[in-house]
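K.L.:
Sequence and predicted structure below; questions after.
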Amino acid sequence: MAPFELTFLGTGTSLGVPMIGCACPVCQSSDPRDRRDRSSIFIRTPELCWVVDTGPDFRHQCLRNHISRVDAVLITHSHSDHIMGFDDLRPFTFGEEARIPVYASPATMAGLRHTFSFAFDEQNRYAGYLKPEPFEITGPFHLGRTLITPLPVQHGRVVTTGFRFDREGMPAVVYLPDCKSIPDTTRDLILDCGILIIDALRHRTHPTHLSVEEAIAVARDVRAGQTYFTHLCHDLGHAALEASLPPGIRVGYDGLVLSMD
């Protein structure tokens with residue numbers, strides 16, 4: 001297997017695509033790339049497998065992508081479209097002593113503890129229940145041989161945590177799914193990254209997400225080797241958007257797999 005394999009589990013915004021009750025061309029599209037679950041990725045390495053965010057579609061995403069192993073969970077922030085599938089991690093903690101490590105910033109962990117108090121209060125530690133083991137992110141950490149660097153970015157009034165993944169001999173992979181602006185300290189950490197996966201909600205500006213044009217500007221500014229857009233709304237059809245993008249920038253889609261040797 002490849003030393004690092006990344007699967008886009010979902011590339012859609014909080015409402016998903018198609019959106020309930022919408023008859024727009026993208027929501028009615030027959031192109032499977034226009035069907036977008038809530039944003040999430042799954043990473044597989046020879047040592048460990050982990051998921052970034054567990055949105056409302058998490059169970060379906062695992063079944064569709066034949067995911068039978070998750071060793072850890074990273075959470076970018078506690079908005080509902082990124083955490084409401086959290087309890088579907090239960091199959092990965094079957095057994096009295098089984099635990100699943102959960103990594104999040106202190107603020108995000110507080111949100112998880114509030115929303116899923118039944119899992120964190122240690123009163124329900126039965127064999128079939130979810131048993132998270134919380135780790136508050138305060139700096140870089142390792143999962144197996146992968147160095148993970150937290151990347152604080154602004155998402156409206158909320159600070160979310162993106163991630164940079166580094167393995168020896170592999171171009172750095174950066175994941176920023178919910179982002180409106182990037183502080184200089186974070187920008188310095190993603191300069192010349194090999195792969196940039198970044199929020200690109202729509203063409204019109206938005207108060208809490210990057211537009212397509214803003215995301216292109218970020219990709220150029222940080223000199224990303226290859227960029228993939230995620231967190232796309234139903235304003236954007238995959239084929240038309242990808243045809244309009246400059247070289248080195250593509251549109252992510254659910255099920256896309258990136259393998260790095």
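P.N.:
Alright, I've got the coordinates. Numbers count the residues shown, from 1 in each chain.
K.L.:
Now do the strands in the stretch 51-200 of the chain.
P.N.:
In the stretch 51-200 of the chain, the strands defined using DSSP state E, counting those that start in this stretch lie at 72-74, 100-104, 132-136, 141-143, 146-155, 158-166, 173-176, 195-199.
K.L.:
can you tell which of those strands is closest to residue 118?
P.N.:
Nearest to residue 118 among those is strand 132-136; the distance by C-beta to C-beta comes to 10.8 Å. C-betas here are computed from N, CA, C, even on glycine.
K.L.:
returning to that earlier point: could the strands of the stretch 51-200 of the chain go into TSV alongside mean pLDDT?
P.N.:
Supplementary listing: those in TSV, determined by pLDDT from 0 to 100:
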stretch	mean pLDDT
strand 72-74	98
strand 100-104	98
strand 132-136	97
strand 141-143	98
strand 146-155	97
strand 158-166	97
strand 173-176	98
strand 195-199	98
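K.L.:
Need those in JSON lines (columns: mean neighbour count and distance to residue 188).
P.N.:
Listed next are the strands of the stretch 51-200 of the chain as JSON lines, based on neighbours: other C-beta atoms under 10 Å; distance: least, C-beta to C-beta, whole Å:
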{"stretch": "strand 72-74", "mean neighbour count": "23", "distance to residue 188": "21"}
{"stretch": "strand 100-104", "mean neighbour count": "21", "distance to residue 188": "22"}
{"stretch": "strand 132-136", "mean neighbour count": "15", "distance to residue 188": "23"}
{"stretch": "strand 141-143", "mean neighbour count": "15", "distance to residue 188": "19"}
{"stretch": "strand 146-155", "mean neighbour count": "20", "distance to residue 188": "10"}
{"stretch": "strand 158-166", "mean neighbour count": "21", "distance to residue 188": "11"}
{"stretch": "strand 173-176", "mean neighbour count": "25", "distance to residue 188": "12"}
{"stretch": "strand 195-199", "mean neighbour count": "26", "distance to residue 188": "14"}
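K.L.:
nearest to residue 12, of those strands?
P.N.:
Set against residue 12 and scored by C-beta to C-beta, those come closest in strand 195-199, at 11.5 Å.
K.L.:
just to revisit the earlier point, for the strands of the stretch 51-200 of the chain, could you give me TSV that also reports distance to residue 20?
P.N.:
Shown next, in TSV, are the strands of the stretch 51-200 of the chain (distance: least, C-beta to C-beta, whole Å):
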stretch	distance to residue 20
strand 72-74	27
strand 100-104	29
strand 132-136	30
strand 141-143	36
strand 146-155	24
strand 158-166	25
strand 173-176	27
strand 195-199	22
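K.L.:
The ones you listed: which one's closest to residue 121?
P.N.:
So among the strands of the stretch 51-200 of the chain, strand 132-136 is nearest, using C-beta to C-beta, at 10.9 Å.
K.L.:
which ones are touching the residue nearest to the spatial centre of the chain?
P.N.:
When C-alpha atoms, centre = their mean is applied to the chain, the residue found nearest the centroid is residue 40 (3.6 Å). For residue 40, the contact set (C-beta atoms under 8 Å, 6 or more residues apart in numbering) comprises 9-10, 51-55, 57-58, 61, 82.
K.L.:
any idea of the pLDDT on it?
P.N.:
You'll see residue 40 listed with a pLDDT of 98.
K.L.:
And for residue 222?
P.N.:
Residue 222 is given a pLDDT of 98.
K.L.:
now the one 4 residues further on
P.N.:
At residue 226 the predicted local confidence, pLDDT, stands at 98.
K.L.:
any idea where the helices of this protein begin and end?
P.N.:
Counting by DSSP state H, the segments of the chain that form helices are 58-64, 80-83, 106-115, 117-120, 184-190, 212-221, 238-244.
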